[in-house]
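Peer 1: What shape does this take:
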Amino acid sequence: MGDLKLAADFPAVNRAEWMKRVEAVLKGAGFEEKLVRTSPDGIRLEPIYGQLAAPRAARAAQVPWTLFQRADHPDAVRANEQALDDLANGATGLVLVTQDAATARGHGLDPARLARVLQGVHLHAVALRVEGSGSMALAELIAKEPIDPERLNVSFALTSPADAAELARRGYTGPYMEADGRSWHEQGATDAQELGATLATAVATLRALENLNDAHLVRSTGITLAANQDMFATLAKFRAIRLLWRRVLQAAGLPDAPLRLHAETSWRMMAVKDPHTNILRATAAVFGAGLGGADSITVLPFSLAQGLPNAFARRVARNVQNVLAEESNLWRVADPALGAGYIETYTQGLAQAAWKVFQAAEAGDWPVPDPDSKASLPIIGTTAYPLKQEYAPETEAL
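Peer 2: Now for the predicted structure:
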């Protein structure tokens, strides 16, 4: 059997030859009108690009992202059962969503019952995130255990700089506070608006924590962004926030440090009707966030918009990530989009547009999202191709 040259056997094709073939197919139709589109942030996106040189935007360590599952059942015993089941079947982290959290969606934990919720959970071996008012309750719970806080992977959701300073004194490495873009996304913000407003919130947090030393300060703030079904837009958005954060640290004269970046699949894109289509939306969102460099990801169970998800919906949410991380191995390549013309153009365009939003917010002019925006809203199963008969909801009876 002779040597296989594969691509080398084919003649090289330049852009002019490609355009000639495209024009033949279009038969007089306009190239700009048919094949060039403009993103909601005004970024011009063409159908073909060459390789582009650009800065790297990757996670700090080339390891699998943390697979988070929500712990949000109002019954502490049931929440504990779900948490242990999640951790036994692929989850590597828990999001402790308390009743007063904006992300509780009508459910949530009682902070006073955290000890019961986490009974049997090896806190040193899993990642934890707090959403809502449970941060200090969790810190007090940990203080009763023979655990070195410095070795824990905990992302708090504090609102008090004094509490952040106290956790730093106890040895926690942060993040202590979160700049959260999800609320902007849910109001209909464009990707650049979400990025710029979130960055402004993160910078305000840094200013509030000026009493921390530089080493703690650069690790003090985490950022959470929404990941939607447009996988390429999501990929570009997550790469852009790393470039923006790097620029902020440089401008502030702080040492370069990796951003702790969390993704959650978009609540805005969740369909109430034919909710099983949400599984496909979540898959695309995780694909984009995972390749875009998210350190951790939460998938909202596909039936969350209908009520408290049951065991099946939670298992599917968990396995969307398990399959993409462990079978598709998306985490194994550092910044796989680096140099790809389309993604680099999208990333740089978002970063530039977001920086303008950030500068305006710094001057007191925060973005005003369009509540009527159609961006990220579900289509299939909701307004197009609806089911003749809906399936029974995959929710728990409360």
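
Peer 1: For the stretch 251-398 of the chain, just list every one of the helices.
Peer 2: For the stretch 251-398 of the chain, the helices defined by DSSP state H, counting those that start in this stretch occupy 277-291, 311-322, 341-362.

Peer 1: Tell me which of the ones you listed sits most buried.
Peer 2: Greatest average neighbour count among the helices of the stretch 251-398 of the chain goes to helix 277-291 (a mean of 23), per mean count of other C-beta atoms under 10 Å. C-beta coordinates here come from the backbone N, C-alpha and C atoms, glycine included.

Peer 1: For the stretch 51-200 of the chain, just list every one of the helices.
Peer 2: Using DSSP H, counting those that start in this stretch, the helices of the stretch 51-200 of the chain run over residues 76-88, 114-117, 135-143, 161-170, 182-186, 191-208.

Peer 1: need the least confident one among those helices, by mean pLDDT.
Peer 2: Between the helices of the stretch 51-200 of the chain, the lowest average pLDDT goes to helix 161-170, which shows a mean of 92.

Peer 1: buried stuff in it?
Peer 2: By neighbour count on 16 or more other C-beta atoms under 10 Å, the buried set for helix 161-170 is Pro161, Asp163, Ala164, Ala165, Leu167, Ala168.

Peer 1: any idea how far the fourth one is from Met177?
Peer 2: Right, Ala165. 11 Å (C-beta to C-beta, to the nearest Å).

Peer 1: Overlap in contacts, those two.
Peer 2: Common contacts of Ala165 and Met177, defined by C-beta atoms under 8 Å, 6 or more residues apart in numbering, comprise Leu209.

Peer 1: right, and the helices of the stretch 51-200 of the chain - which one's nearest Lys273?
Peer 2: Counting by C-beta to C-beta, Lys273 lies closest to helix 182-186 out of the helices of the stretch 51-200 of the chain; the figure is 18.9 Å.

Peer 1: which secondary structure elements does the closest one contact?
Peer 2: On a contact count with 3 or more C-beta pairs under 8 Å, 6 or more residues apart in numbering; DSSP states H and E, helix 182-186 meets helix 191-208, strand 221-227.

Peer 1: Give me the contact list for that helix.
Peer 2: 102-103, 193-194, 197-198, 224-226, 228, 264, 266-268, 367, 369, 376.

Peer 1: do stretch 121-129 as well
Peer 2: Here stretch 121-129 makes contact (C-beta under 8 Å, 6+ apart) with 66, 68, 80, 83-84, 87, 91-96, 138, 142, 145, 147, 151-155, 157, 262, 296, 298.

Peer 1: what's the first-to-last distance across that stretch?
Peer 2: Stretch 121-129 stretches 14 Å from its first residue to its last (C-alpha to C-alpha, to the nearest Å).

Peer 1: mind listing what Leu291 touches?
Peer 2: Contacts of Leu291 by C-beta under 8 Å, 6+ apart are Leu235, Leu330, Pro336, Ala337.

Peer 1: Am I right that Gly50 is in a helix?
Peer 2: No. Assessed with DSSP: H, G, I helix; E, B strand; the rest coil, Gly50 is coil; it does not lie in a helix.

Peer 1: check contacts around it.
Peer 2: Arg15, Gly341.

Peer 1: got the buried residues for the one helix or strand Lys237 maps to?
Peer 2: Using DSSP states H and E, Lys237 sits within helix 231-252. By neighbour count on 16+ other C-beta under 10 Å, the buried set for helix 231-252 is 231-246, 248-249.

Peer 1: counting contacts, what elements does that helix pack onto?
Peer 2: For helix 231-252, the elements it packs on are helix 191-208, strand 221-227, strand 260-265, helix 277-291, helix 341-362, judged by 3+ C-beta pairs under 8 Å, 6+ apart.

Peer 1: please redo it, this time with the cut-off set to 6 Å
Peer 2: Here helix 231-252 touches helix 191-208, helix 277-291, helix 341-362, going by 3 or more C-beta pairs under 6 Å, 6 or more residues apart in numbering; DSSP states H and E.

Peer 1: hang on, isn't Glu178 packed against Ala157?
Peer 2: Yes. If you go by C-beta atoms under 6 Å, Glu178 and Ala157 touch, sitting 5.4 Å apart.

Peer 1: shaky segments in the stretch 1-150 of the chain?
Peer 2: The model of the stretch 1-150 of the chain has pLDDT under 70 over residues 1-4.

Peer 1: what ranges do the strands span in it?
Peer 2: For the stretch 1-150 of the chain, the strands defined by DSSP state E, counting those that start in this stretch occupy 37-38, 44-45, 66-71, 93-97, 127-131.

Peer 1: related to what we said a few turns ago, ok, of the contacts of helix 182-186, which come out buried?
Peer 2: Buried by 16+ other C-beta under 10 Å: 103, 193-194, 197-198, 224-226, 228, 264, 266-268, 367, 369, 376, out of the contacts of helix 182-186.

Peer 1: between these, which is nearest Ala76?
Peer 2: Thr103 (18.7 Å).

Peer 1: Let me see the contact set for the residue nearest to the closest one when sequence neighbours are not counted.
Peer 2: If the residues on either side of it in the chain are set aside, Thr103 comes closest to Glu131, at 5.2 Å by C-beta to C-beta, 6 or more residues apart in numbering. Going by C-beta atoms under 6 Å, 6 or more residues apart in numbering, Glu131 touches Val97, Ala101, Thr103, Ala157.

Peer 1: just those residues now: which is nearest Arg314?
Peer 2: For those, the nearest to Arg314 is Val97 (13.2 Å; C-beta to C-beta).

Peer 1: And stretch 78-91, what's buried?
Peer 2: Ala79, Asn80, Gln82, Ala83, Leu84, Asp86, Leu87, Gly90, Ala91.

Peer 1: Alpha carbons of the helix holding Lys237, as PDB, please.
Peer 2: This file holds the C-alpha atoms of helix 231-252, laid out as PDB (Å, rounded to 0.1, in the frame of the first residue of the first chain):
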ATOM      1  CA  MET A 231     -22.400  27.600  20.400                       C
ATOM      2  CA  PHE A 232     -20.100  29.900  18.400                       C
ATOM      3  CA  ALA A 233     -21.400  33.100  20.000                       C
ATOM      4  CA  THR A 234     -21.000  31.400  23.400                       C
ATOM      5  CA  LEU A 235     -17.500  30.200  22.600                       C
ATOM      6  CA  ALA A 236     -16.500  33.700  21.500                       C
ATOM      7  CA  LYS A 237     -18.100  35.300  24.600                       C
ATOM      8  CA  PHE A 238     -16.200  33.100  27.000                       C
ATOM      9  CA  ARG A 239     -12.900  33.700  25.300                       C
ATOM     10  CA  ALA A 240     -13.600  37.500  25.200                       C
ATOM     11  CA  ILE A 241     -14.100  37.800  29.000                       C
ATOM     12  CA  ARG A 242     -10.700  36.300  29.600                       C
ATOM     13  CA  LEU A 243      -9.100  38.800  27.300                       C
ATOM     14  CA  LEU A 244     -11.000  41.600  29.000                       C
ATOM     15  CA  TRP A 245     -10.100  40.500  32.500                       C
ATOM     16  CA  ARG A 246      -6.400  40.400  31.500                       C
ATOM     17  CA  ARG A 247      -6.700  44.000  30.300                       C
ATOM     18  CA  VAL A 248      -8.300  45.100  33.500                       C
ATOM     19  CA  LEU A 249      -5.500  43.600  35.600                       C
ATOM     20  CA  GLN A 250      -2.900  45.200  33.500                       C
ATOM     21  CA  ALA A 251      -4.700  48.600  33.700                       C
ATOM     22  CA  ALA A 252      -4.900  48.200  37.500                       C
END
